[in-house]
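> sequence and predicted model, in that order:
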Number of protein chains: 2
Amino acid sequence: MRVIGRPVVRLDALDKVTGAAKYVGDMKFPGVLHAAILRSNCSHGRIKHIDTKDALELPGVHAVVTGEKYQKPTGLYLKDRTLFAVDKVRYYGEPVAGVVAETPELAKEAVRLIRVEYEQLPPVYDPLSALADGAPLLHENLGNYEWAPVFFPKPGTNISNHFKLRKGDVKQGFAESHIIHEETYCVPHIYHSPLETHVAVGYADNGGRLTVWSSCQSPFAVRKFLSTALDIPLSKIRVITGYVGGGFGGKAGATIEGLVAPLALAVPGRHVKLVYTREEDFVGAYVRQGLVARLKTGVGKDGRIRAQQCELYWDAGAYTEYGANIVRAAGYTSAGPYDIPNLWTDSYCVYTNHPSGGPMRGFGMPELHWALELQMDTLADKLGMDPVEFRLLNCLKDGGVTATGEVVYGVGLTECIKTVAERIGWGDKKEGVGKGIAIMCKAPAMPTNASSSACLKFNEDGSVTLMTSAAEIGQGAMTALAQIAAEELSLPIEAISVSCPDTAITPYEWQTVASRITFSAGNAVVLAAQDAKRQIFQNASYILGDHEMELVDGQVRVKGRPDLSVPLESVVMGAFLPDGSAKGGPVFGRGTFTPEGLINLDPETGQSPRPVAFWTFGAQGAEVSADPETGKITVHRLVAAFDVGRVINPVTLEGQVEGGLVQGLGSALFEEMVFGEDGQVLNNSFVDYKIPTSMDVPAIETYFVEVAQQDGPWGARGVGELPMVPTAPAIACALKRATGTLHRKLPLVRHGRD
Amino acid sequence: MRVIGRPVVRLDALDKVTGAAKYVGDMKFPGVLHAAILRSNCSHGRIKHIDTKDALELPGVHAVVTGEKYQKPTGLYLKDRTLFAVDKVRYYGEPVAGVVAETPELAKEAVRLIRVEYEQLPPVYDPLSALADGAPLLHENLGNYEWAPVFFPKPGTNISNHFKLRKGDVKQGFAESHIIHEETYCVPHIYHSPLETHVAVGYADNGGRLTVWSSCQSPFAVRKFLSTALDIPLSKIRVITGYVGGGFGGKAGATIEGLVAPLALAVPGRHVKLVYTREEDFVGAYVRQGLVARLKTGVGKDGRIRAQQCELYWDAGAYTEYGANIVRAAGYTSAGPYDIPNLWTDSYCVYTNHPSGGPMRGFGMPELHWALELQMDTLADKLGMDPVEFRLLNCLKDGGVTATGEVVYGVGLTECIKTVAERIGWGDKKEGVGKGIAIMCKAPAMPTNASSSACLKFNEDGSVTLMTSAAEIGQGAMTALAQIAAEELSLPIEAISVSCPDTAITPYEWQTVASRITFSAGNAVVLAAQDAKRQIFQNASYILGDHEMELVDGQVRVKGRPDLSVPLESVVMGAFLPDGSAKGGPVFGRGTFTPEGLINLDPETGQSPRPVAFWTFGAQGAEVSADPETGKITVHRLVAAFDVGRVINPVTLEGQVEGGLVQGLGSALFEEMVFGEDGQVLNNSFVDYKIPTSMDVPAIETYFVEVAQQDGPWGARGVGELPMVPTAPAIACALKRATGTLHRKLPLVRHGRD
């Protein structure tokens, strides 16, 4: 292969190192106005009165918007929220009003002048309390909300989704078990920590059209959300995304856009810019949900897992958005990368007076695997079995069966485990140093109809513009997709330019989430290239005659006849014959990809023979020591191996995995959102919320297994989120072996708080 | 039909009346710098020295660019020019240097500080003098230039193209003639007079990419020109066009963009804006070429034209660009709308020290028909034949043969002539009022491979974005193309949005010129819609089964089975089956159109059985009187009839024809660029260069004949330029009948200058 598998330099590298890359915050708009948001200082309360008079009278203030004008319930999967709070607030930091003013300072000053009177309501801050009898209800009208039919809210409770999985006979499985282990594991809320906070600019013109520039992962989802929430046709809304300064799920769906759009509509003809402060960013979009997981697992004398019962209580915050689907994904993945014949899972999405839970790199998998992998490691210990052997014995292999009853093929997990064990020197003992291993699996959690499109527009010189709406959020999508296009078209990478998403122009893409872009948009690129090649070959046939053709190194040639060829650039605009006549025309390839045959889970049993597009598997090892005097934990090494199907770009892939490992390291060691008694985030800055610095990063080794994904582009499957999944359990297991203590609550460094 | 033929409101109407429409001059760029151009004050001279020191030292000046850095010869069809003058200047107003400064005023001040020393060379200002022995040569190196093979420059002379047409036996034809009339006709240079002068903004980034925003008709031609002239790959150049405030040919090709681009490259990372003043606009792009035409025509006793000899001497100015092709187009159209068996034509593109000649609405046809129609009217008089009868007898009809030997079909010219004669009351006499008629034909003069593309991108609600690179220059292209898309897709016009051209994004379009957009881009839209429909039907077939389908009123249904249908919006993103599985994907149609089978003209005889994509025919009548005391000419009525094949939008079409008639009226009565002895344009403002005001506009009636163009979209052919073609001769012929005098030199109001 010429381009795939090569360490091509990122297409956005030069832009980014020279500062030429335009992020939304860099875009300049003439006469731009600035917005600020008044956020609730009460985590659960009824709004008695909002007085905006003083704010409106402040010179330089153009508009103040409250929930009064936008009462329509909205939401991604379950319509449980409004753009600004209406009647009630449900978390500390919920948007109550927005101001548009000449300067950011004036907007903030005006926000301070808005007076809101609340009737305090009793708050609830953990999912178990929220499920108790007599717990305060967050959404009294839950039963009147609309929701997508694959979710199961329980009106009259705080449950926005109850996912059930019933497989085999758990009772029988436990009866056959030699050892049964039952334990509870806890994961706190954490924050995405993108370099760039949320930024959006809105502009409403006199023709009733709305344009939003947003640092977002899902411009088409934003457009659809705004269309529904604001009752504006899709064709009159345009969402433009430049480079995105880190997403990690926090910029999925629509968040800041739902605030800036109504503010822009209040001042038509003027641009309105809203930039979240770091403090605001902690609660302004989503946080990673908290989890209390109760696992009961039984193994036979042979070491084989017989049964598992799993209760997942998600602290999903005030509104659910993606939360309901995270709960579902964790539910149908609740066997993890293991072949478990008997399963009983209940996964509950529970409203609390915390900020809204949402997607963060891994979409529930890091939380689930925290519980699962500590549980398995403990079972191995109890069995007296080597934890690597235990995992090799029980893990999914080719032809294995997942929690939903799906038979999986092309599974390179065993090789991943062996690679990690070998590279971390599993058998070698070092004094005071513990080694741990954790394994994982993940599938993209998306609707069965989530699709991608791509266009390939040829220039007169044979170079190509690739248009997709995949957002370049730092993950390298732009480069990977360009490599796929270059490979398919037998062109050098330099011949491919890639455009940024713009819903008015670039073709439809569901969302840039779920580690699905290389797979899904990559497949669309392959199809677009095939469409382009058909046109190229058609044009060439007018000159070379009707033959089977191939495209090799910029030459279109009759298959097997290198002597019968024309240069690609001579036929990309049509075929031109000696008499001056033309045939065919400019080549423009289009491709669209939807995974075929995905079947919804059965609502009662959570079973489906094909609920997801693909599974990715991997393993990680950690080498950890702790100072017996100070307790200081040192992670010495992290070793990772993933079965990516096919490496598209070894350098960007390695970078992506290293980033994930470091983010996983942060979540293992330090990261936790700390809430005050009033529900306020107390550590909402990087002074108090610690993420890893370069000094915290251990030696990292990454390995890739390549068991092809048959329906992936050149065999590739997604991997972006995965490295974050097994890092924390691998470190915790290593720490257990170094110190003898297994910590079941994240993060491992507890700062003496409990 | 639902949408085609209906008076749909222009899609750009609301934008334009509310001021929301963005022209390039309206676009704001942060920290924009401003450019000004030093233009030659000498019409023919050798550049001895350019001193830019004082200009560069002026505080606030960022760069000064001269021809020194850009010596590569360039040009559209014949590479006879450079971006800035190198060694020689050849017209008064030629760009010699450019300045980039903080403000427009500073840039102009710096321009004044540049000192240029010229060695004066003898100028030549009319084509006949330029062809005389010993005439000063403008391009001594003509023989070393590159040119496209369909042009025939004569090195060692001032001829940049000599087009020859030889058909039948002219000698024999004249021998058979009863009356032979020989006469000379003159047409002066005129100016396009767009509301918006040329404006362009350039931006070079640190990644070696160049973006140009330009008020232009041909963004892809601009991109190609800049790529060649500046040695930058096509993929690194982006040309963006907003709304264009009038083109009329003056914004075809690349003019201002070739100045702003090198200036932007001199200050990477900063936007550079160049706005032509009205004075500068008169010479900054193209002017309509002057013409001296000698016609010799013979008719038989039966009134039939037997032979014509035609010498066309075009005053093409200093550089040729489109000029060489105008000369060619006029040459192959030199029989006009008449069936003339024996023809001998020489059309010469002659360099003079006037500003560069280029395309203007009609592309040589108004000039040619000025000569041709006065000649025919005179012949009718000499024969004692009614001029309408004479034209009805001799004009092209179905199966007639053009000057190049092409047999034409679907010709509604006879009906056009009869309509005009009837509506103007040809037989009715009015004291002191003369009536005149003129007829015409025109074909798009374009390379045989000029193509159009279109894309149709579906939104989730079934609405559609139409992407083409056809420029909306006021002619209504956006609306007409949207109507074609709506009709093909059986959607209301409100469901179609249209994007503006952007070479990085919108699909390839050769140029928005030659009255070809409705035909060529329209055909591409039809093909894109067919491609989209295939996908829609495919998606629907997963639900309705494999049947022949049709799209009616937003429903996809099995043909002939209205009961078996699904709503369009339910299948535009794919098909979704009851088990949750998906098939197909988002609909994205693409279409590309190149007229097939156009055959180059024979270089010696100018013959070809199919040299052009289509012919449009029409007729006009005028009613004119002149005050016998003051000589003041009053045009009372103009009546026009064109065979447009199919009316797409009666209101915008009528508007386009009325605009053309008024522009034709201006060229008939007042318009003429007056040059001083030094070659300077003396009347370069609307104080001195008169165009019609509303007070000058007579009663106008327009009629449309609809003999379908078989290969046109819904039968349509182009008409945009045509109304300007026969207006002046119709008025002159009417004036002749009112006063007894035929004026053979335009304009008719001579301001006592000769």
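Nice, thanks for sending it over.
> for A:Ile476, which non-adjacent residue is closest in space?
Not Ile; residue A:476 is Gly. What sits nearest to A:Gly476 in space, not counting adjacent residues and going by Cβ to Cβ, 6 or more residues apart in numbering or on different chains, is A:Thr652, at 3.7 Å. Placement of C-beta: from N, CA and C, glycine included.
> what do you get for A:Gln289?
Closest residue in space to A:Gln289, ignoring its immediate chain neighbours: A:Gly357 at 3.3 Å, by Cβ to Cβ, 6+ apart.
> go on, A:Val571?
Nearest one to A:Val571, counting by Cβ to Cβ, 6+ apart, is A:Asn539 at 4.1 Å.
> what is the rounded mean pLDDT of the host helix or strand of that neighbour?
In this assignment (DSSP states H and E), A:Asn539 forms part of helix A:517-544. Mean pLDDT, computed over helix A:517-544, is 98.
> run the chain-centre distance for that helix.
29 Å (Cα atoms, centre = their mean, to the nearest Å).
> which element follows it toward the C-terminus?
For helix A:517-544, the following helix or strand on the C-terminal side (DSSP H and E) is strand A:549-552.
> the helix or strand following that following strand pairs with which strands?
Per DSSP H and E, strand A:549-552 leads on to strand A:555-558 as the next helix or strand towards the C-terminus. Counting by DSSP bridges, the strands paired with strand A:555-558 are strand A:549-552 (antiparallel), strand A:561-567 (antiparallel).
> okay, domains of chain A per the record?
What automatic domain parsing lists as the domains of chain A is A:16-22+A:32-122+A:198-275, A:287-396+A:407-447+A:599-739, A:449-593.
> now these as a markdown table including mean neighbour count?
Listed next are the domains of chain A as a markdown table, based on neighbours: other Cβ atoms under 10 Å in any protein chain shown:
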| stretch | mean neighbour count |
| --- | --- |
| domain A:16-22+A:32-122+A:198-275 | 21 |
| domain A:287-396+A:407-447+A:599-739 | 22 |
| domain A:449-593 | 22 |
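> which of those sits closest to B:Arg10?
Closest to B:Arg10 of the domains of chain A, according to Cβ to Cβ: domain A:16-22+A:32-122+A:198-275, at 12.2 Å.
> state the distance spanning the first to the last residue of the closest one.
21 Å (Cα to Cα, to the nearest Å).
> and it, how far out from the chain's middle?
How far domain A:16-22+A:32-122+A:198-275 lies from its chain's middle: 22 Å, per Cα atoms, centre = their mean.
> circling back: now do the contacts for the residue nearest to A:Gly476.
Counting by Cβ atoms under 8 Å, 6 or more residues apart in numbering or on different chains, A:Thr652 touches A:10, A:475-476, A:479-480.
> with A:Pro136 instead?
With contacts defined as Cβ under 8 Å, 6+ apart, A:Pro136 is in contact with A:44, A:121-124.
> before we move on, the earlier item: got the contact list for the residue nearest to A:Gln289?
A:189, A:286-290, A:314-317, A:320-323, A:326.
> pLDDT value on it, please?
96.
> picking up where we left off before, between the contacts of A:Pro136, which sits nearest B:Gln309?
Taking these together and measuring to B:Gln309 by Cβ to Cβ, the closest member is A:His44, at 96.2 Å.
> between the domains of chain A, which one is nearest to B:Ile237?
Per Cβ to Cβ, nearest to B:Ile237 of these: domain A:449-593, 9.4 Å.
> A:Leu138 touches A:His354, doesn't it?
No - A:Leu138 is beyond contact range of A:His354, at 10.3 Å (criterion: Cβ atoms under 8 Å).
> overlap of the contact sets of the two?
Common neighbours of A:Leu138 and A:His354 (Cβ under 8 Å, 6+ apart) are A:Ala318.
> all set, thanks.
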